[in-house]
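S.K.: Okay, sequence plus prediction incoming.
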Amino acid sequence: MQTEDDFPPVFAAPGIEGHFTRDGYVVLPFFNEEEVAACKKLYFDTMPEPPADFFTTGFLPDGEPRRKVKEGLERLIAPHVAALMPTYSTCVRHFIVKRGRPDAGPLHLHQDFNFVDQSIQRAVHVWIALADVDERNGCLTVLPGSHKLGLHISAMGLNATPYDPYCQVFEDDCKVAVPMKAGEALFFDERTLHGSCPNTSLDVRVAMGAVFLPHGVKQRLYVTDAVEPGLLDILEVESETLLDYSAVMRPPYPEGFQKIGTVEYTAKPLSPEVVQSLRRVPAAVPAASLRATRRFVARLFGRQ
Ligand SMILES: O=C(O)CCC(=O)C(=O)O
């Protein structure tokens, strides 16, 4: 297994690579105004109305609209990817949409599906803002440094994660919101925990997402076994448009998905010490120890 330092760099520029490997994400200027407009036109031509509060074109069945999105977005991002990440290829391109509503909720921190064997390869995901975004209209949230928490396999069928016991602490005391300008891109390590703020504005928030793999590496998908929770099938995916992310696949797998093995994996919860190290907000002093301190101070001043 490779250590963190053994992975070849993702980005051509050492400064960008430094930020990315330290925090697990980096925000960069990406699309100019015309490219943002072209992306938005492609989205609204394909989907005039989002069919749900949260929707991605990755939920569309394989067909003309989904292929148009793939090809249109590829044309727009290819020159940028070649310059920024010359040893990576794009394997997924989609739009991610959040309808606005006053009572909208956040998307909680999560790890995306593993698209590679993370013990030997690093996959990179990107989220590109197509309008200015902040905490009121659905900007992304991240947990800085969470790419170094270990190698969790995030599988289709939603297996348990090392983070499950700490979701609330992560949400309340650890995550950061990342406001962005239209055209900026947030690149994150596939292992980085991320989510998004509620969109309480009146507008539909449209963003673009993509996934990048080292040249020559095939997209993988891990799928939970319906009976054995600790067993995962490992599939290779021939084309991104075949994969419907909204439904759990079960064997026999359709054409375009080749099962290349199985792996036993059961997530171990993080230790409380590690969780402590991720806090942005210090833990409140436990109530019991506060009461003991108050009694001690009162005795010291002769009040008890
Ligand atoms: O677009 C969003 O609001 C969240 C996107 C996200 O978490 C994802 O693509 O995994």
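M.R.: On my side now, so go ahead. Numbering: from 1, shown residues only.
S.K.: isn't there a helix covering residue 74?
M.R.: Yes - looking at residue 74 with DSSP: H, G, I helix; E, B strand; the rest coil, it is inside a helix.
S.K.: Surely it and residue 92 touch.
M.R.: No - contact status for residue 74 versus residue 92: not in contact, 10.4 Å apart, counting by C-beta atoms under 8 Å. No exception for glycine: its C-beta is placed from N, CA and C like everyone else's.
S.K.: Could you check which of the two has the larger neighbour count?
M.R.: When neighbours are counted by other C-beta atoms under 10 Å, residue 74 and residue 92 differ, and residue 92 comes out ahead with 24 against 13.
S.K.: Just the element for that one, please.
M.R.: Under the criterion of DSSP states H and E, residue 92 resides in strand 88-98.
S.K.: contacts for that strand?
M.R.: Contact with strand 88-98 is made by 10, 43, 46-47, 50, 53-58, 69-70, 73-74, 77-78, 81, 104, 107, 115, 124, 127, 138, 196, 199, 204-215, 219, 240, as judged by C-beta atoms under 8 Å, 6 or more residues apart in numbering.
S.K.: Which positions are bridged to the residue of the stretch 51-200 of the chain at minimum distance from the ligand in the beta structure?
M.R.: Proximity of the stretch 51-200 of the chain to the ligand (C-beta to the nearest ligand atom) peaks at residue 196, 3.1 Å away. Assessed by DSSP bridges, residue 196 has beta-bridge partners residue 107, residue 140.
S.K.: burial of it, as a residue count?
M.R.: 25.
S.K.: Surely residue 112 and residue 190 touch.
M.R.: Yes - using C-beta under 8 Å, residue 112 is in contact with residue 190, at 6.2 Å.
S.K.: higher neighbour count, the two?
M.R.: Between residue 112 and residue 190, counted using other C-beta under 10 Å, residue 190 has the larger neighbour count: 22 against 18.
S.K.: Find the nearest non-adjacent residue to the more buried one, please.
M.R.: residue 123 (4.0 Å; C-beta to C-beta, 6 or more residues apart in numbering).
S.K.: mind checking pLDDT for the one you found?
M.R.: Looking at residue 123, its pLDDT reads 98.
S.K.: mind listing what it touches?
M.R.: Residue 123 neighbours (C-beta under 8 Å, 6+ apart): 114-116, 189-190, 211-213.
S.K.: Output those residues in TSV; the columns should cover distance to the ligand and secondary structure.
M.R.: TSV is the format used below for those (distance: C-beta to the nearest ligand atom, whole Å; DSSP: H, G, I helix; E, B strand; the rest coil):
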residue	distance to the ligand	secondary structure
114	13	coil
115	12	coil
116	16	coil
189	13	strand
190	10	coil
211	9	strand
212	14	strand
213	16	strand
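S.K.: out of those, what pair is the most spread apart?
M.R.: Greatest spatial distance among the contacts of residue 123 (C-beta to C-beta): 114 and 212, at 14.0 Å.
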